[in-house]
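# Give me a model of this one.
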Amino acid sequence: IPKLQTTSTLDLLKLAEVLATLGASRQRVLLAAGLTADDLADRDGHISLERYLAAVQCALDLSGSEELGFLVGEHTSTLEHGILGYALLSSATLRESLQRYQRYQSLLGPVLEVELAREGEYVMFQASPIGGYALSRAQLSYFTQEWLVGWNQWMPLIGEDGCFFTRVALGYPAGDALQAYQHHLGCPVESAGGKTVAVFPARFLDCELDYANDTIGAICAGQCEYLRRNLGVGTGVIAEIHNFLATSPGRIPGMEEAASALNVSSRTLRRHLDREGTTYQQLVIDFRIAMAQQYLKSTALPANEIAALVGYADTANFYRTFRSAVGMTPASWRQNEAPASANI
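Numbering: from 1, shown residues only. Coordinates of the predicted model:
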């Protein structure tokens, strides 16, 4: 089974919705990616990155639009990015939100890598494609546009007016589309080569966020930390299943969906798991217990609420399963691990 690299179904759904407004054929885009309309039915589902990139390239070819990424980015809210979106928006200040963004950005999908640096009164984002992906110029432009324009949505959240960036230097030639960049971003834009650099005022860092919530922020950051630590860890089908579960926060996908994401039949997946001496259900239990441990370490939530967060409707069943897996009760485990949670 190949290494699992997926992105949220939501990314493709948003692209399809924008294409519909442009009069482009959604069906042709789905066919180019080897997908069906049913694949878009679950907003919380996942598709392979390879198929998503094929869909994006087909959409770019069909629409003929040099600002498609802007249109999709303006059509997608931060909260729609799942657990990471909530972690960012529940932060106390933009500074804390950006610290979380920099630490957990890999959860958004492995296309762009973003670094932050401060220079006096300004902060710079530096973005470049992650190595290993042969993106076309049009695809790079699409993902960069989508990423850049999304930051304009943060202005009302931090109590500011206007546009987020003061200037942008693109890491690729924009040609005749440069005016479209300036229109959507609301700031001077130039093509400079190298990495894409986007600059905003450092005073934004101390702005408080409208959705600030310490409890929700701690829960979401704890889950993001688990996801970051476990994505890409290990080898073999067990590691791939753990990665798949980790990129489906808030729910537990069934084995059929997991098999589909791995591009194998459920029968083939079951055979692989048999050879490795486990079952899909056992991997789900392992995942739930690991997430429960992360919540116990990073929050003060009572165990019965944590049980519900990790999918146990019956608290007593959660206690039994946790004790069987760990060898102690949730309360005892939390007490033993308390010192280790100081840096979370």
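# which residues touch the residue minimising distance to the centre of the chain?
What sits nearest the mean C-alpha location of the chain, by Cα atoms, centre = their mean, is Leu108, with 2.5 Å. Contacts for Leu108 (Cβ atoms under 8 Å, 6 or more residues apart in numbering) come out as 81, 84. C-beta here means a position set from N, CA and C on the backbone, and glycine is covered the same way.
# If we use 10 Å, what do you get?
Leu108 makes contacts with 7-8, 11, 81-82, 84-85, 101, 114, 147, as judged by Cβ atoms under 10 Å, 6 or more residues apart in numbering.
# measure it to Tyr101 for me?
Distance, Leu108 to Tyr101, by Cβ to Cβ, to the nearest Å: 9 Å.
# Now Ser48. Its backbone dihedrals?
Per-residue torsions, Ser48: phi -70, psi 150 (degrees, to the nearest 10).
# shouldn't it be in contact with Thr9?
No. Between Ser48 and Thr9 there is no contact under Cβ atoms under 10 Å: 11.0 Å.
# Just the pLDDT at Arg43, thanks.
Listed pLDDT for Arg43 reads 66.
# Find residues that contact each of Leu108 and Tyr101.
Residues touching both Leu108 and Tyr101 by Cβ under 10 Å, 6+ apart: 84, 114.
# which SSE is Leu140 in?
Using DSSP states H and E, Leu140 sits in helix 137-150.
# tell me the contacts of Glu67?
Counted by Cβ under 10 Å, 6+ apart, Glu67 has contacts 73-74, 141-142, 145, 149, 177, 179-181, 183-184.
# Buried among those residues? Make that a ChimeraX selection.
In ChimeraX syntax, the buried subset of the contacts of Glu67 is picked out as below (16 or more other Cβ atoms under 10 Å):
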select :73,74,141,142,145,149,177,180,181,184
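# on that earlier part again, what sits in contact with each of Ser48 and Thr9?
The contact lists of Ser48 and Thr9 share Leu35, where a contact means Cβ under 10 Å, 6+ apart.
# Quick one: mark the members of the contacts of Leu108 that sit in strands.
With strands taken from DSSP state E, the overlap with those comprises 7-8, 114.
# Now flag whichever of the contacts of Leu108 is closest to Ser63.
Nearest to Ser63 among the contacts of Leu108, counting by Cβ to Cβ, is Asp11 at 16.1 Å.
# Per-residue pLDDT of that closest one, please?
With respect to pLDDT, Asp11 has a value of 85.
# What separation is there between Thr215 and Gly82?
Distance from Thr215 to Gly82, by Cβ to Cβ: 18 Å.
# ditto for Gly311
When distance is defined by Cβ to Cβ, Gly311 is 16 Å away from Gly82.
# Low-confidence regions, this protein specifically.
Within the chain, the stretches with pLDDT under 70 are 1-6, 42-45, 109-110, 131-133, 230-236, 243, 246-251, 338-344.
# And the strands in it, which stretches?
For the chain, applying DSSP E gives strands covering 6-8, 46-48, 112-119, 122-129, 167-170, 189-191, 196-201.
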